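>>> any chance you can model this:
(one chain, ligands or ions: 1)
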Amino acid sequence: MRPDAVELRVDVVILGGGPGGYAAAFRAADLGKRVALVDASGSLGGVCLHVGCIPSKALLHTAKVIVEAAELPGVKFAPPQIDLKAVRDSKGMVVTRLAAGLKGLARQRDVSVVHGRGRFSSARTLAVDGPEGETSIRFEQAIIAAGSSPTRIPGLPYDDKRLMDSSAALELADIPARLLVIGGGVIGLEIATIYQALGSRVTIVEMADQLLPGVDSDVVQPLAKRLAGRCEAILLKTRVTQIEPLAEGLRATFAGSGLTSPQTYDRVLLAVGRTPNGKSIGADAAGVEVDADGFIPVDEQLRSNVAHIHAVGDIVGQPMLAHKASQQGKVAAEVIAGHAASFEPGAIPCVAYTDPEIAWMGLTEQEAKRTGVAYEKAVFPWAASGRAMALGRSEGLTKLLFEPGSRRLMGAAIVGVGAGELIAEAVLGLELGALAADLCLAVHPHPSLSETVAMAAEIAEGSITDLYMGRK
Ligand code: NAI
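As a prediction, this is how the structure comes out:
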């Protein structure tokens, strides 16, 4: 510690101001604790707010309107004229307003926000190196919510600005004529959706044999089909082995089943996963165990191996999702305040905000087959949904998995417009132990996409009238 360091004493210090960290800080403060919240950037909200979930959703909205206008039957608009600065400013405004909201919420609760990079200097102190000098924070309890960073493939020209991670891609510096997306996961596909709608010719390269490899293939298929029609190429079972920075672009060399000849792109997005930040927080000095991958192992109370130090969010494991982090942050704060809380959700929903969206929760068929779990499946095709047809988007499907015999809901996967909203009903159903009959008997509005959940349940029950399944 430097001799001129400012000293701060708190009950709870929280390292990281993203959705896990600020939720933990606010809950701990509401439960009567003196709290310091440390974040390396000048503004709360973390990756999610500044360079992830929120800016991507703002840009995906722009993309959606462009595509919907172009596809509207019977109405012809002039080709869109894109004012990139105005698009960026509008996205920036959303982020600025939310960040200001967080600042206000911290102030209202007397949470001390300390800006700077924090590292443990002992099991009871955290040293923060900030723009205005060093702060030494002495704490009784700590919550580590330090998140994750984009994973890098060794040997790529990272000094070249045309090679982007997701944060750089969301800055939207320009609309590249040709964009290569490495990684057909959630980030790769969401950003491909944005740039494709804005006019880029997009190639997606994915090393697995399908896009979104962890997701059931029947659900991925409608998205894969639509992307195939809109992208320049989708290369499965393929890797990029080299990227050569040339004046005219980035020249990528491929290996695998896809393109064999090298191609030159104006920009390349690398989205091959995220790596937890466990190795860069001085965990050793506090005696906190970090595994070889950089994750911090925790129990259901989110406690690390050091009893008074908790960890939440991306840094404790998959799935790396903001809503998991914030829920864990609240639980950790409650445990610290002496409540009998634990993090044991029935399901954590995942959403790819692509076009169409894909959302899933609970058991997947892939996982059931791998682990030998028995299940009954019911799939309602959106081609039989009046609402989906009225929207001109009947390619979706709603799939529910039930426990054989009891028909208790075990999992759901939905592909189609708005799937990310529709999945919430299935999560609630699973948490409440809903049976297929419960989902049928809950009256759903007509015509709505939410009906597709009830209709899938009716298929399981054998009571569907909107399709003919044969007499039972
Ligand atoms: P990901 O793990 O979802 O996908 C990475 C993809 O890259 C995988 O399909 C993988 O097979 C592929 N890949 C890996 N190495 C490769 C290589 N050398 N060449 C070609 N393909 C390769 O990771 P992603 O998309 O970067 O997202 C990171 C995290 O952020 C995930 O945990 C995700 O859940 C989360 N996230 C969630 C969002 C949401 O909920 N909507 C949005 C954005 C991110």
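>>> for residue 344, which non-adjacent residue is closest in space?
Using C-beta to C-beta, 6 or more residues apart in numbering and skipping residues adjacent in sequence, the residue nearest residue 344 is residue 300, 5.7 Å away. For the C-beta atoms, the positions are set from N, CA and C on the backbone; glycine is no exception.
>>> any figure for the gap between the one you found and the ligand?
Per C-beta to the nearest ligand atom, to the nearest Å, residue 300 is found 21 Å from the ligand.
>>> likewise residue 210?
Distance of residue 210 to the ligand, given as C-beta to the nearest ligand atom: 9 Å.
>>> dump the residue contacts of the residue nearest to residue 344.
By C-beta atoms under 8 Å, 6 or more residues apart in numbering, the contact set of residue 300 is 342-344.
>>> so is it in a helix, a strand, or just coil?
Secondary structure state of residue 300, per DSSP: H, G, I helix; E, B strand; the rest coil, is coil.
>>> next one: it from residue 361, what distance?
The gap separating residue 300 from residue 361 is 19 Å, by C-beta to C-beta, to the nearest Å.
>>> buried residues in the longest helix anywhere in the chain, which are they?
The longest helix of the chain (DSSP state H) is helix 84-108. Using 16 or more other C-beta atoms under 10 Å as the test for burial, helix 84-108 gives 87-88, 91, 95, 98-99, 102, 106.
>>> and stretch 156-173, by the same measure?
Residues of stretch 156-173 classed as buried: 156, 162-166, 168-170, 172 (neighbour count, 16+ other C-beta under 10 Å).
>>> now do it: distance to the chain's middle.
19 Å (C-alpha atoms, centre = their mean, to the nearest Å).
>>> and for stretch 262-269?
25 Å.
>>> what mean pLDDT does it get?
Confidence for stretch 262-269, expressed as mean pLDDT, is 98.
>>> quick thing: my sequence starts at 865, can you match it?
Understood, numbering begins at 865; the last thing we discussed is stretch 1126-1133.
>>> what about that stretch, start to end distance?
This stretch, stretch 1126-1133, spans 16 Å end to end (C-alpha to C-alpha, to the nearest Å).
>>> next one: stretch 1154-1162
One end of stretch 1154-1162 to the other measures 10 Å (C-alpha to C-alpha).
>>> how about residues contacting that stretch?
For stretch 1154-1162, contacts defined as C-beta under 8 Å, 6+ apart pick out 1008, 1139-1143, 1147, 1152-1153, 1168-1169, 1174-1176, 1179-1181.
>>> look through the stretch 1165-1314 of the chain and state the residue closest to the ligand.
Closest contact between the stretch 1165-1314 of the chain and the ligand, by C-beta to the nearest ligand atom, is at residue 1184 (3.6 Å).
>>> how much space between the closest residue to that residue other than its chain neighbours and residue 1163?
Nearest residue to residue 1184 in three dimensions, chain neighbours excluded: residue 1178, at 4.2 Å (C-beta to C-beta, 6+ apart). Taking C-beta to C-beta as the measure, residue 1178 falls 18 Å from residue 1163.
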